[in-house]
Structure formats: structure tokens, C-alpha cells
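Enquirer: The sequence and its predicted three-dimensional model are supplied below.
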Amino acid sequence: MEAQKRKNLWYFPLGTVGRDMIYALFINFILTYILFTRQLTAAQLSAITAVMVAARVFDALNDPVMGNIIERTRSRFGKFKPWLVIGILATSVVVYLAFHTDLQGWAFVWFFAIIYLGYSITYTMHDIAYWGMVAALSSDADERNRFTSRASLFAGIGGTLASVLIPMFTTGSMTIGGSAGVAFGRIALVVCILSPLFLCFTIFGVKERRARPSGVVPPVGLRKIVSTITGNDQLRWIALIFLIQQVGNGIVVGGLGSTYIYFEFGYNGGLYSLFTIVGMSATAFLMMGYPAISRRVPRKKLMGQMAIISTAGYVLMLVPGLLMPAGNMGKYWCVVIGYMLSNFGQYCYYLIMMISIINTVEYNEYLHGVRDEAIITSLRPFLTKMASALIVVITSGSYLLFGVTAYTNRISELESRAAAHAITEAEKLDAIGLVIGGVEQGQANGLLLCMTVLPCVLMLISYFLYQKRYRLDEPEYDRICAQLAARGADA
């Protein structure tokens with residue numbers, strides 16, 4: 001038993017490395033890929049934004065449905081693993097196709113709509129199944145913290161690897177194949193192969209509890225999903241709090257961060273990769289140390305400490321960013337270190353929110369006698385996708401407001417000419433440098449304001465709501481688990 005627990009603690013988190021690489025590629029870079037490889041009118045960018053928002057809202061609404069489907073799945077492999085296999089293979093095919101097309105204009109918009117909807121459906125299959133397994137691996141609070149933090153660590157490794165390597169090899173002098181379009185296509189092929197391979201660790205190495213309810217399998221119905229959510233007041237509050245925090249947390253990596261770095265410091269993917277490496281580095285220590293921290297510092301107190309750190313980071317990004325001259329490397333390092341501090345606090349919030357959502361499973365059992373773990377844990381990706389829809393609106397709205405496409409269309413034309421070998425890579429980079437040199441300082445500062453002030457405000461709102469409305473702190477959760485254990489002993 002102990003040997004299997006140790007095995008689970010390694011094989012479960014290893015499985016998500018590739019999943020988060022493919023997630024980072026598609027969610028964090030698809031809009032950047034489009035901006036720098038397609039020439040878009042304002043109407044076409046608006047249509048793409050509408051597609052992304054509609055697909056993510058549909059995806060989010062589909063999450064509880066998928067959770068219910070998983071809950072009623074009966075197989076000799078359990079209820080989670082069949083959907084891990086189906087989902088990851090289908091997602092890999094869809095993402096590969098997304099980055100291998102030469103379509104332009106409205107033809108590309110229609111193609112993109114089909115692809116994005118396909119991604120929304122297929123990624124949900126394995127994402128709900130993966131995170132739903134956490135509640136089935138252990139009910140012990142400390143063990144659950146270890147599973148969640150370690151899985152988040154390996155997810156961060158996968159996402160960070162993608163976030164570091166993708167801009168490095170798609171922008172600037174190290175671009176694979178000499179153009180962004182070719183580079184994204186080759187990277188997509190590698191990621192789509194690695195993702196299923198990594199998930200094999202979870203599929204073949206992890207053993208979860210497989211309680212199989214007897215009797216007739218209940219039908220998948222909206223009423224069941226709604227009743228589970230509305231009947232759990234703590235789930236409702238943590239859902240709202242998590243949504244607010246996730247919107248702010250995702251604004252920088254949603255596209256604004258890379259565009260600001262390129263406009264302010266040059267078309268060099270290495271600079272954005274360095275921004276990402278430093279920004280994510282502190283979170284690695286947090287993810288490894290979170291179980292030990294959580295044993296010593298209560299969640300609500302920890303959130304207060306992280307709010308101070310994050311706010312200081314946003315101030316360090318904003319003030320030098322507005323006052324120091326464009327292209328200054330001292331300014332660049334202030335932005336980078338500020339992002340590291342802000343991301344450190346925000347990621348700790350994310351870990352706390354993850355645990356807080358999962359802990360409502362026992363609260364639901366305490367209230368209603370049923371765990372409904374797949375439905376409840378499906379709320380985490382549901383809310384992440386709702387947040388990502390709002391981030392797309394904020395990002396695209398910022399691009400239109402500050403005239404970003406006037407520059408990215410010219411860059412896209414140069415990338416296309418380089419891909420067709422009409423100009424050399426050196427000529428492309430020189431011409432792009434002239435384009436970026438024409439960006440007005442007010443436009444770059446507008447992007448900076450959107451990626452600092454708004455995330456900070458949303459983080460603070462989530463902090464105050466958590467302090468006031470979420471009651472399942474450590475003592476209350478332990479009391480509920482003790483009550484459930486007593487019920488089981490009496491049964």
C-alpha cells in the first residue's frame with residue numbers, strides 16, 4: 001500500500017507535464033500565432049475573438065456535463081482513465097491541425113472556429129478526468145495537499161518549458177525554419193507527440209479508489225449538475241472567488257505580456273523567454289514547499305502575506321515601466337523581477353483555491369451524503385475556461401484600443417514573405433525592427449497598464465471575498481472529516 005502511494009505521488013503529477021505543454025501552446029500562444037502569421041482586419045480579429053469567447057464559454061458549460069459523464073462511467077479501468085486516453089489522443093490531433101494550415105482571411109476564421117470548438121471538447125475530456133482523480137487518490141488533508149501541489153509543480157514545469165521554448169524558437173534570430181509559421185508547426189508536432197507519452201505515467205502507473213455504486217446508473221442531467229452546485233454554498237463562493245482571481249492571473253500570459261515585451265524591447269523571443277523563466281522560477285520553490293508551508297501557516301493568513309508580495313511586484317512593473325525610457329535594460333529587469341514577485345503571490349493563491357475547491361467534496365458529503373467528486377472538481381477547469389474567455393476579451397480589446405494590429409499585420413506580411421523565401425531572415429528581422437520602432441510610447445504604456453493594474457485589483461477583490469465568505473478553513477475541514485468518519489463507523 002505504501003509503495004503504491006509513493007508511486008502515485010510521482011506518476012500522477014508526471015502525467016500532466018505534456019498536458020500542460022499542449023495547453024500552453026494552444027491557449028497562451030494561439031492568438032500570438034495568429035497575430036504574427038495572419039493579416040487581419042478589425043472585423044476578422046473581432047470574429048476570432050468572438051469564436052474564442054463562445055468556444056470557451058461552451059467549454060466551461062461542458063465541464064460539469066463531462067464531470068457527470070465521468071461520474072457515471074463504468075469500466076474495468078475505472079471512470080477516469082478511459083477519458084484520459086480518448087481525450088489526450090483527440091486533443092493532439094486537433095492541435096496539430098491548428099498549426100498546419102496556410103489559410104488566410106475569412107477562410108482561416110471559419111477553419112479556426114471548427115478547430116477551436118474541437119479543442120474545447122477534446123481537452124475537457126482528459127482535463128476533468130485528470131483533476132477529478134485527486135479526490136479519489138486520498139481524503140487525508142496533508143496527502144491531498146501533496147498530490148495537488150506536486151501535480152501543480154509538474155504542470156508548471158510543462159507549461160513553463162513550453163512558455164520558454166516557444167517564443168525563443170518562433171521569434172527573432174533563433175526562429176526554426178526562418179519564419180514563425182514554420183516554427184509553430186514543427187513545435188506543435190513535437191508537443192502533440194509528447195503529451196500522450198507523458199500521460200502514460202498516470203494511465204499505467206496510478207491506482208485510485210474505484211468505488212462503484214450499485215443500482216441503476218443515473219442519467220446525465222442538468223438538474224443534477226445544478227443541484228450539486230447550488231446546494232453547496234461554499235462551492236458557490238469559492239467558484240466566484242477563483243474566477244475573479246484567475247482572470248487577473250492570466251492576463252499577462254494571455255498575449256499582452258509577449259506583445260508588450262516585443263513592442264518595448266524588440267522582436268526577440270529570447271527576451272520574452274527570459275521574462276517567463278524568471279517570472280516562473282520563484283513558483284517552483286513554492287510548489288515544492290507548499291505542503292510544508294500549509295502545515296505551518298493557515299491558508300487565510302498565507303493569502304494576506306501573498307497579497308503584499310504580489311502588490312509590490314505589480315508596483316515594481318508599473319512605475320519604472322512608465323517612467324524609464326523605452327528599450328532601457330534596467331527597465332526590462334524591473335518588469336521581469338516585478339512579474340516574478342506578482343506571479344509568486346498569484347500562484348500561491350491558485351494552490352489555495354485548488355485545495356479549497358476540492359475540500360468542498362467532503363462538505364458536500366457532510367451536507368447531502370454524496371461526494372459528487374467528479375462534478376465538483378470539474379468546477380476548477382470550468383472556471384479556468386470562463387476566466388480565459390474574459391481574458392481573450394480583455395486582450396483583444398486592448399489590441400484594438402491601442403492599435404496593435406496596425407503593426408502586427410505588417411510583421412505578419414514580412415513573416416509570410418520570409419516563409420516563401422522572398423526575403424532573407426536577416427532582411428525580415430531588419431524590417432520588423434523598423435516596424436516596432438514606429439510603436440508610440442503611449443501604446444506600449446497602455447498595454448503595461450492593462451497587465452499590471454487590472455490583475456492587482458482583481459487579486460485583492462478575491463482576497464477580501466475569501467476572507468469573508470469561505471468558511472472551510474483547516475479546523476472546520478478537520479471537524480467535517482471527523483464527523484464523516486464517525487458516520488462511517490456507525491453505519
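Expert: On my side now, so go ahead. Residues are numbered from 1 along each chain as shown.

Enquirer: what about the protein, any weak spots by pLDDT?
Expert: Flagging of the chain using pLDDT under 70 yields the residue ranges 1-3, 135, 138-142, 144-145, 208-222, 287, 374, 490-491.

Enquirer: run the last query once more with 50
Expert: 217, 220 (pLDDT under 50).

Enquirer: Would you state the strands of it in chain order?
Expert: Assigned by DSSP state E, the chain shows no strands.

Enquirer: Contacts only, for residue 128.
Expert: 63, 66, 67, 70, 83, 374, 377, 378, 381 (CB atoms under 8 Å, 6 or more residues apart in numbering). To be clear about C-beta, it is placed using only N, CA and C from the backbone, and glycine gets the same treatment.

Enquirer: Now rank those residues by neighbours and give me the top one.
Expert: residue 378 (32 neighbours; other CB atoms under 10 Å).

Enquirer: So that residue sits against residue 64, correct?
Expert: Yes: between residue 378 and residue 64 a contact is recorded at 5.2 Å, counting by CB atoms under 8 Å.

Enquirer: buried ones in the longest helix along the chain?
Expert: Using DSSP state H to define each element, the chain has its longest helix at helix 105-137. Neighbour-count burial for helix 105-137, counted by 16 or more other CB atoms under 10 Å, picks out 108-109, 112-113, 115-137.

Enquirer: what about the closest residue to residue 350 other than its chain neighbours, distance to residue 28?
Expert: In space, and not counting its chain neighbours, residue 350 is closest to residue 249: 6.6 Å by CB to CB, 6 or more residues apart in numbering. Using CB to CB, to the nearest Å, we find residue 249 at a distance of 12 Å from residue 28.

Enquirer: Those two: who's more crowded?
Expert: residue 249 (27 against 23).

Enquirer: How about the contacts made by that one?
Expert: Contacts of residue 249 (CB under 8 Å, 6+ apart): 346, 347, 349, 350, 387, 455, 459.

Enquirer: where along the stretch 151-300 of the chain do the helices fall?
Expert: Counting by DSSP state H, counting those that start in this stretch, the stretch 151-300 of the chain has helices at residues 180-205, 222-230, 233-250, 257-265, 269-296, 299-323.

Enquirer: Let's have those helices in TSV, adding distance to residue 489.
Expert: Shown next, in TSV, are the helices of the stretch 151-300 of the chain (distance: least, CB to CB, whole Å):
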stretch	distance to residue 489
helix 180-205	33
helix 222-230	26
helix 233-250	25
helix 257-265	53
helix 269-296	26
helix 299-323	29
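
Enquirer: mind checking which of these is nearest residue 434?
Expert: Nearest of the helices of the stretch 151-300 of the chain to residue 434, taken as CB to CB: helix 257-265 at 13.3 Å.

Enquirer: Output stretch 426-437 as CSV, nothing but the C-alphas.
Expert: Only the C-alpha atoms of stretch 426-437 are listed here, as CSV (Å, rounded to 0.1, in the frame of the first residue of the first chain):
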residue,chain,number,x,y,z
ALA,A,426,18.1,38.9,-41.8
GLU,A,427,16.1,41.2,-44.1
LYS,A,428,12.9,40.2,-42.3
LEU,A,429,14.4,41.0,-38.9
ASP,A,430,15.7,44.4,-40.0
ALA,A,431,12.3,45.3,-41.5
ILE,A,432,10.4,44.1,-38.3
GLY,A,433,12.8,46.3,-36.2
LEU,A,434,11.7,49.3,-38.2
VAL,A,435,8.1,48.4,-37.7
ILE,A,436,8.5,48.1,-34.0
GLY,A,437,10.5,51.3,-33.9
